[in-house]
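J.: take this sequence and fold it.
(4 chains)
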There are 2 protein chains.
Amino acid sequence: MPPSSVLPLASRRSPSQSRSVVTVAAIFEAAIQVLLKEGMHRLTTTRVAERAGVSVGTLYQYYPNKLALLNAVLERHLDGVAEAVEDAARKANAKPLSSMVESVVNAFVKAKIEREDEARALYAVAAELGGSVLVQRASERVGTALAQMLSTAVDAQFGNLDIVSYMFATAMVGPTKGVLEEQAPRKLTRILRGQLISLCLGYLEREARAFVRAG
Amino acid sequence: MPPSSVLPLASRRSPSQSRSVVTVAAIFEAAIQVLLKEGMHRLTTTRVAERAGVSVGTLYQYYPNKLALLNAVLERHLDGVAEAVEDAARKANAKPLSSMVESVVNAFVKAKIEREDEARALYAVAAELGGSVLVQRASERVGTALAQMLSTAVDAQFGNLDIVSYMFATAMVGPTKGVLEEQAPRKLTRILRGQLISLCLGYLEREARAFVRAG
DNA sequence: CAACTATATGAATGATCCTTCATCTTTTGA
DNA sequence: TCAAAAGATGAAGGATCATTCATATAGTTG
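T.: Just a heads-up that it's a prediction; the model follows:
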């Protein structure tokens, strides 16, 4: 993974006029579109600016460098998904296991599908920024939320909540990614949620039983 | 995803003297090391050649371009993993479900851990070459092998084998990636296999039950 | 050893990119 | 209305890269 170089990542100017708010949004969206149509290795600041209908200079007024832009886009996506899962976890507090899984899986899939373009575009960015604090942070947010939720299940108890919630969270990633990238069987697109519920619930019930047996 | 440009990807010269066999191996290994230490966006043909202890020109004698090199490295890794899983699936033919899962998970984890460096280095490459035929092909190989195996289970039967085996295969990816990238809870490293077995077996048993119920 | 083939070299070429900054335009607020 | 602040422009500088090719070296074969 790239040694996270010490570059400023914060946004330069905070848009205050409405005109610039539009500009920033356009740059944001343009970055995603360029990623989708050209791929990460052809994403250049000039191309993003062009697509956004502004000049390169303008882009650099809001992001100190290319990496900062990519970070911002990735951050917003991850935060969106993490927040959705956190909400779902909170709402399913003190419910039976099956309700919990349903709630979380639905939220996760919904968040990913609502931002399908972003999601597809950002797999490469996330991989490139592999060591990035962002992925780590989002994972931790989700892990913590799930662990908290699971600890309140009315019909199940677990040994190591950290591990169980980590497995829960990461198990959903692979199948979903495949569907978004259209590498999965066509039919799965429509029944992904059901399958993910089966996957996670099957695991969690099994772990809960194992915990009981272990005393 | 990058529009898979029409560039030659085949290796240029097939090494015949023993000296060049060494060279090619060195280039291969160097590519992985550069990926690990510098990241994809700092992988240059010159850097790879340097690390391999040869000149750039030499590299271009065996790979027509940078993309071809990356493809070759990714291909070898994916083929290795796919083959390991295929073997495991074949060996577990006509066994009970739990043996099948154990066999496949063990093979998968073993293949990934034995080539840990490769695996870690190539996540970014695979993402970059997103639409790459390679990932698709490896997925299909594994999917087919798993479906064939599952169809012979002595104690279980499934509705849609394509979907079930796809879920089986992709469910393993997320947790494993997290462990390799050290984003998972420390402890999981040692018990990953057991957890993956629990995850996949929990899902498969559940799907088998659902099939029986559906008549 | 001599001729031929395989392999290796690395400076040079041509492209592409990131980033800056002097200059211009628009908005704001008094 | 108009000066100051905010926003926008894009040509140009400076770097990095992928790739080529003329040349040199090592291995093979007869």
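
J.: wait, does stretch A:160-172 contact chain B?
T.: Yes - shown here: stretch A:160-172 in contact with chain B (CB under 8 Å from any CB of the partner chain) through A:160, A:162-163, A:166-167, A:170-172. Yep, even glycine has a C-beta here, placed from its N, CA and C like the rest.

J.: leaving aside the residues next to it on the chain, what's closest to A:G202?
T.: B:G202 (3.2 Å; CB to CB, 6 or more residues apart in numbering or on different chains).

J.: roughly how far apart are the one you found and DNA strand C?
T.: 45 Å (CB to the nearest atom of the strand, to the nearest Å).

J.: where in chain A is pLDDT low?
T.: Residues of chain A meeting the criterion pLDDT under 70: A:1-8, A:11-13, A:16.

J.: re the thing from before, neighbours around the residue nearest to A:G202, how many?
T.: By other CB atoms under 10 Å in any protein chain shown, the residues close to B:G202 number 24.

J.: return the residues of chain A in contact with DNA strand C.
T.: Within chain A, the residues that sit near DNA strand C (CB under 7 Å from any atom of the strand) are A:7, A:17-19, A:42-46, A:56-57, A:60, A:64-67.

J.: any of the residues you listed buried? List them.
T.: A:43, A:45, A:60, A:65-67 (16 or more other CB atoms under 10 Å in any protein chain shown).

J.: among those residues, which pair sits farthest apart?
T.: Largest separation among these by CB to CB: A:L43 and A:Y60, giving 15.1 Å.

J.: helix or strand for the residue nearest to A:G202, just tell me which one.
T.: helix B:188-214 (DSSP states H and E).

J.: so which other helices or strands are in contact with that helix?
T.: Where contact means 3 or more CB pairs under 8 Å, 6 or more residues apart in numbering or on different chains; DSSP states H and E, helix B:188-214 is packed against helix A:161-171, helix A:188-213, helix B:97-114, helix B:161-180.

J.: adding distance to DNA strand D, write these out as a markdown table.
T.: Shown next, in a markdown table, are the helices and strands packed on helix B:188-214 (distance: least, CB to the nearest atom of the strand, whole Å):
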| stretch | distance to DNA strand D |
| --- | --- |
| helix A:161-171 | 32 |
| helix A:188-213 | 36 |
| helix B:97-114 | 27 |
| helix B:161-180 | 25 |
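
J.: the one residue sitting closest to the centre of chain A in helix, strand or coil?
T.: The residue lying closest to the centre of chain A (CA atoms, centre = their mean) is A:L78, at 3.7 Å. Secondary structure for A:L78, judged by DSSP: H, G, I helix; E, B strand; the rest coil, is helix.

J.: thinking it is in contact with A:S132, fair?
T.: No - using CB atoms under 8 Å, A:L78 is not in contact with A:S132, being 9.4 Å away.

J.: circling back: what residues of the helix holding B:G202 count as buried?
T.: Here helix B:188-214 shows B:188, B:192-193, B:195-208 as buried, counting by 16+ other CB under 10 Å.

J.: hmm, back to that, settle this for me: the residue nearest to A:G202 is touching A:Y203, isn't it.
T.: Yes - when contacts are counted by CB under 8 Å, B:G202 is listed as touching A:Y203 (4.3 Å).

J.: does the residue of chain A found nearest DNA strand D belong to a helix, a strand or coil?
T.: Chain A approaches DNA strand D most closely through A:G57 (1.9 Å), counting by CB to the nearest atom of the strand. Three-state assignment for A:G57 (three-state DSSP): helix.
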